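*Asks:* Build me a model:
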Amino acid sequence: MALFIGFAFAVMADPVSSVAYTIEASLRALNGHLGLLLATQVIVLAIIALVDINYWQLVGRFPLGGGSAEAAGRAFGTGWVFLPIGALIVDFVLTITISVAAAVSALIAYVPGLGGWRLLVGVSLLLAVAGLTWFGHGGRLVFAAMTLLFVASAAAVLVHGFIFPVASSDHARVTGPEGSAVIAVLLSFPVAMALATGTEAPATAIGQLGQLGADDRRRFARATIVLTMAIVSVLTVSITALAVRLTIGIPRADSTQIADIARAAAGNGALFAVFQASSALLLLSAASSSFQAGPGLLKALSRHPDSAGVGILPRGLGDTNHHHTPYWSVVVYLVASAVILVAAGGHEQELVLFYAVAVFVSFLAGLTAMARFSLRAGHRGLAALNVVGAVAVAFTLVVNLGRGYPLLSLVATAIIAAVLYALWVRSGRPSGVEQVERHIDDE
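*Replies:* Prediction:
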């Protein structure tokens, strides 16, 4: 049980932490229309449930940790492996960046005086999180503890807010544009689909459970998928409902919506301080998790003789210290994340749209692959669910890409995938590339 709790709550740090900024992102897309916020979040959760069904199937087929990459490779051919891999590389960079930026926003919401130092604080925290990766994977229990702390503090805030709220927001409520409410929701929910990031994590993270057999890994991953969906759903619906009840609209520049909700629910006392601290720590844990997984993926793709991976990237990306940390790969992610953080001015809301693109490429690859497997096996009902999920994911991608700048995420994914494919061909098409996600956490 201890192993499962440590595994599950460490893996869910990313999706749980996304609650801190995706509800606000959705409200901004709705132009502050609180009356449509809950319906929007319900649609988001319904689509995540469809994606979860896909990963439930995927884990059953690849219980050793193959993920979308292995599914795409087995279903459509090895060349398709590189599209979800490229999407994951971009997703890890964005997870690091947006998590650090959101952690800074949580700190500024508690200490507004830090607002003028947003970018400096963000870069400093980014360097600190990157530095901690030097010590390897020992922080997984810390990730689990931070997730539990955030869930507990959020529960306390919610109970206080629904029973003994301190005050409602003093900000004027902004109403949405005139026109169809249905269209407004359909065009806004894709923004909040950043909440789905981390959904794939159990399917790949089971690769680190070398002490367990295939059946136990399958059970761990599936239980984590269900538990994560339950916790994220309860938190999202409850926080959204409390925002509507207390009329907490779009926040000021020195705050966040979730901070305004907590302040209105519990005041400025100890509970608010604990909630803000746990939010920031959980977000930094999510960034740290990607600072381990992302470089681990590059290591698995390197030519280093100590790597069990494919051997198409330069050897140096697989060089590790005595804690098994691939330090040059960490530097690559640090530089990429720092550039994006500075370009966004340290604001997480500037990055949410980009975030809801790359990971959906990976989802789409996994969903279409599982649809093909279901059809081959004669499971038409499951195939129909896969197709419905794929259509929903594709719609999300199209709407977000239609907003312009998020197209950069797709371009980056395509370029990385194309470069990796070319390197693979130049290296003589080495075998095992489909299983590269299994080796992200190899030591």
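*Asks:* Let me see the ranges of the strands in the chain.
*Replies:* Counting by DSSP state E, the chain forms no strands at all.
*Asks:* so how far is residue 4 from residue 401?
*Replies:* For residue 401, the distance to residue 4 equals 38 Å [Cβ to Cβ, to the nearest Å]. Where C-beta positions appear, they are placed from N, C-alpha and C, glycine not excepted.
*Asks:* quick one: which of these two has more around it?
*Replies:* For residue 401 versus residue 4, the count of surrounding residues by other Cβ atoms under 10 Å is larger for residue 401: 19 against 15.
*Asks:* pLDDT value on the more buried one, please?
*Replies:* pLDDT for residue 401: 83.
*Asks:* any low-confidence regions in the stretch 1-150 of the chain?
*Replies:* Applying pLDDT under 70 to the stretch 1-150 of the chain flags residues 1-2, 136-141.
*Asks:* count of residues packed around residue 167?
*Replies:* Neighbours around residue 167, by other Cβ under 10 Å: 10.
*Asks:* okay but it is in contact with residue 262, surely?
*Replies:* No: assessed by Cβ atoms under 8 Å, residue 167 is found out of contact with residue 262, at 11.9 Å.
*Asks:* And the helices in the stretch 101-250 of the chain?
*Replies:* 118-132, 140-163, 181-188, 201-205, 214-245 (DSSP state H, counting those that start in this stretch).
*Asks:* Just send those back as TSV, with mean neighbour count too.
*Replies:* Shown next, in TSV, are those (neighbours: other Cβ atoms under 10 Å):
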stretch	mean neighbour count
helix 118-132	18
helix 140-163	19
helix 181-188	16
helix 201-205	28
helix 214-245	19
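*Asks:* who wins for proximity to residue 82 among these?
*Replies:* helix 201-205 (15.8 Å; Cβ to Cβ).
*Asks:* elements contacting that closest one?
*Replies:* helix 2-11, helix 37-61, helix 67-76, helix 214-245 (3 or more Cβ pairs under 8 Å, 6 or more residues apart in numbering; DSSP states H and E).
*Asks:* and the angle for the longest one with helix 37-61?
*Replies:* Read it as helix 214-245. Helix 214-245 runs at 180 degrees relative to helix 37-61, counting by axes from the mean of the first three to the mean of the last three Cα atoms, to 10 degrees.
*Asks:* try the first one
*Replies:* Going by the same axes, to 10 degrees, helix 2-11 is angled at 130 degrees with respect to helix 37-61.
*Asks:* for helix 2-11, which positions count as buried?
*Replies:* Neighbour counts using 16 or more other Cβ atoms under 10 Å place 7-11 of helix 2-11 among the buried residues.
*Asks:* The second one too?
*Replies:* By neighbour count, with 16+ other Cβ under 10 Å as the criterion, the buried positions of helix 37-61 are 37-41, 43-45, 47-48, 50-59, 61.
*Asks:* So which elements touch it?
*Replies:* Looks like helix 37-61 contacts helix 19-29, helix 67-76, helix 181-188, helix 201-205, helix 214-245, helix 352-376, helix 380-401 (3+ Cβ pairs under 8 Å, 6+ apart).
*Asks:* now for the ones you listed, which one comes closest to residue 342?
*Replies:* Nearest to residue 342, of the helices and strands packed on helix 37-61 and by Cβ to Cβ, is helix 352-376 at 14.4 Å.
*Asks:* which other helices and strands contact that closest one?
*Replies:* helix 19-29, helix 37-61, helix 67-76, helix 82-110, helix 380-401, helix 407-426.
*Asks:* now for the third one, which elements pack on it?
*Replies:* Going back to what we said before, that points to helix 67-76. If you count contacts as 3+ Cβ pairs under 8 Å, 6+ apart, helix 67-76 packs onto helix 37-61, helix 82-110, helix 201-205, helix 352-376.
*Asks:* returning to that earlier point: buried deepest among the helices and strands packed on helix 352-376, which one?
*Replies:* The highest average neighbour count among the helices and strands packed on helix 352-376, using mean count of other Cβ atoms under 10 Å, belongs to helix 82-110 at a mean of 28.
*Asks:* returning to that earlier point: could the helices and strands packed on helix 352-376 go into a markdown table alongside distance to residue 340?
*Replies:* Shown next, in a markdown table, are those (distance: least, Cβ to Cβ, whole Å):
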| stretch | distance to residue 340 |
| --- | --- |
| helix 19-29 | 15 |
| helix 37-61 | 24 |
| helix 67-76 | 23 |
| helix 82-110 | 5 |
| helix 380-401 | 17 |
| helix 407-426 | 10 |
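*Asks:* got the contact list for residue 154?
*Replies:* 19, 235, 239, 275, 278 (Cβ atoms under 8 Å, 6 or more residues apart in numbering).
*Asks:* Please report the distance of it from residue 238.
*Replies:* 8 Å.
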